Each structure stands twice: as structure tokens, then as C-alpha cells.
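Undergrad: quick one: sequence plus predicted model below, questions after.
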Amino acid sequence: MYGSLRAGQNNAMAALLRRHARHLGRGRVCGRLYEVDWYPGMVPSADGDECVAGDVFELAAETAERLLAELDAYEGDGFARAPVEVVLEDETRCAAFAYLYAGGVAGLARVAHGDWLRRG
């Protein structure tokens, strides 16, 4: 998760993740981050130098389907859950899902450093 669902965020859906998922740590994916509104949107990039920072969570098998349905509803039609490869802080690679921005990015401000929590 790279925006409002990051570890430490103060909203109902981030709290839901804290209760029902295990935080594996910070990671990065190839992508470009944009300021959509009060929240960010990530689009994929094939350029390994373009990275988006986020947090990786592991969902418990018994609650994963319900939790993903709630997260899908929260993200809405503006985002699509998609498989991504994450590089964790220790350089371990893992498969995960991320919510990619489904809208156009023309005219949106890019967060060049890729970390929504550092914007400003």
C-alpha cells in the first residue's frame, strides 16, 4: 500500500489492515506516483529507476477474501487491484497486489521521489 493505507495512517481502512493483516515491512515497486487529490495514484513503469514506496501486508487466508472485497470497495472504480513485484527493504522480492490508478494522469502533479508520506 502506498497512500492512505500505509502503516501508521489514521483512517478506518488502515485500521482494518492493522487488525486483520500482518505488516511485513516497507517495500518499493516500479511505478510513477501522482497527486490525484488528497490521495495518490500509482501507474506502472517499466523503468527500474522509477519507484514508489509503500508498505507490504500479508493477509490471513481465512479473512483475505472479505478484506480484499472491502479494500476494493474503498478504492472504488478509480483504482484497479493488480499484481506487482515488490522489493522489500532487505532486497527480497515478493509478489503482491497494489491498487493502480485507473484514470488519466495528464495535468496531475507527479511525486517524483515516489513516497507519498514525504510529499510536500
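TA: Good, I have the coordinates. On a predicted model such as this, the values are computed, not experimentally measured, just so you know.
Undergrad: all contacts plus neighbour counts: C-alpha atoms, from now on.
TA: Will do.
Undergrad: now for the helix or strand of the chain with the lowest mean pLDDT, which elements pack on it?
TA: Every helix and strand of the chain was ranked by mean pLDDT, DSSP states H and E. The lowest is helix 12-20, at a mean of 86. Counting contacts by 3 or more Cα pairs under 8 Å, 6 or more residues apart in numbering; DSSP states H and E, helix 12-20 packs against helix 64-75.
Undergrad: buried residues in the helix it packs on?
TA: 67, 71 (16 or more other Cα atoms under 10 Å).
Undergrad: quick one: contacts of that helix?
TA: The contact list for helix 64-75 (Cα atoms under 8 Å, 6 or more residues apart in numbering) reads 13, 20, 80, 81, 99.
Undergrad: and the next helix or strand past it?
TA: Once helix 64-75 ends, the next helix or strand along the chain (criterion: DSSP states H and E) is strand 79-88.
Undergrad: farthest residue from the center of the chain?
TA: residue 62 (22.0 Å; Cα atoms, centre = their mean).
Undergrad: what's the distance between residue 33 and residue 8?
TA: Distance from residue 33 to residue 8, counting by Cα to Cα, to the nearest Å: 19 Å.
Undergrad: okay, the two: which has more neighbours?
TA: Shown here are residue 33 and residue 8; by other Cα atoms under 10 Å, residue 33 has more neighbours (30 against 11).
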